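[1] Provide a 3D model corresponding to the input given below.
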Amino acid sequence: AIKNSLDDLPGGTRTQIGFITYDNGVHYYSLKSGLSNPQMMVVGDLKELFVPAPDDLLVNLQDSRDVVEGFLDNLPDMFSKNTVAQSCLGPALKAAFTVTKHIGGKMC
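    Numbers count the residues shown, from 1 in each chain. Below is the predicted model:
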């Protein structure tokens, strides 16, 4: 559903996109164009939450379209065997805001 909606995102050629997933830690993804696969970075210390590689977490959708679509294709399988029952939604939302605040903090 997300992959099918990429062309509907606002911003045209300026659209910036990034993804964060979470369980008991926050998972950030570098989606730079030219990568064959996204690079996942996990922050498990939720009390001292930080943003690793902040310049690589939001990318231009047009430039990184292949990496983004590959990520979305693989996402269901990435956590299919995850048995972690904890959830850190609050810290994940804070992380998302921190990543996007330099461009206005808008999340879709």
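[2] which residue lies nearest the spatial centre of this structure?
    Centroid-nearest residue in the chain: residue 19, 1.3 Å away (criterion: C-alpha atoms, centre = their mean).
[3] ok, the closest residue to it other than its chain neighbours to residue 53 distance?
    Spatial nearest neighbour of residue 19, chain neighbours left out: residue 29 (5.1 Å); criterion: C-beta to C-beta, 6 or more residues apart in numbering. (Each C-beta comes from the backbone N, C-alpha and C, glycine too.) From residue 29 over to residue 53 the distance is 10 Å, taken as C-beta to C-beta, to the nearest Å.
[4] find residues that contact each of those two.
    Counting by C-beta atoms under 8 Å, 6 or more residues apart in numbering, the contacts common to residue 29 and residue 53 are residue 41.
[5] partners of the helix or strand where the residue nearest to residue 19 lies in the sheet?
    Assigned by DSSP states H and E, residue 29 belongs to strand 26-30. The strands beside strand 26-30 in its sheet (DSSP bridges) come out as strand 20-22 (antiparallel), strand 39-43 (antiparallel).
[6] which residues are in contact with the residue nearest to the centre of the chain?
    Taking C-beta under 8 Å, 6+ apart, one finds 29, 31, 71, 75 in contact with residue 19.
[7] which one among those residues gets closest to residue 92?
    residue 29 (12.7 Å; C-beta to C-beta).
[8] list the buried residues for stretch 45-58?
    46, 49, 51, 56, 57, 58 (16 or more other C-beta atoms under 10 Å).
[9] which of those lies closest to residue 102?
    Compare each of these with residue 102 using C-beta to C-beta and the shortest gap goes to residue 58, at 8.5 Å.
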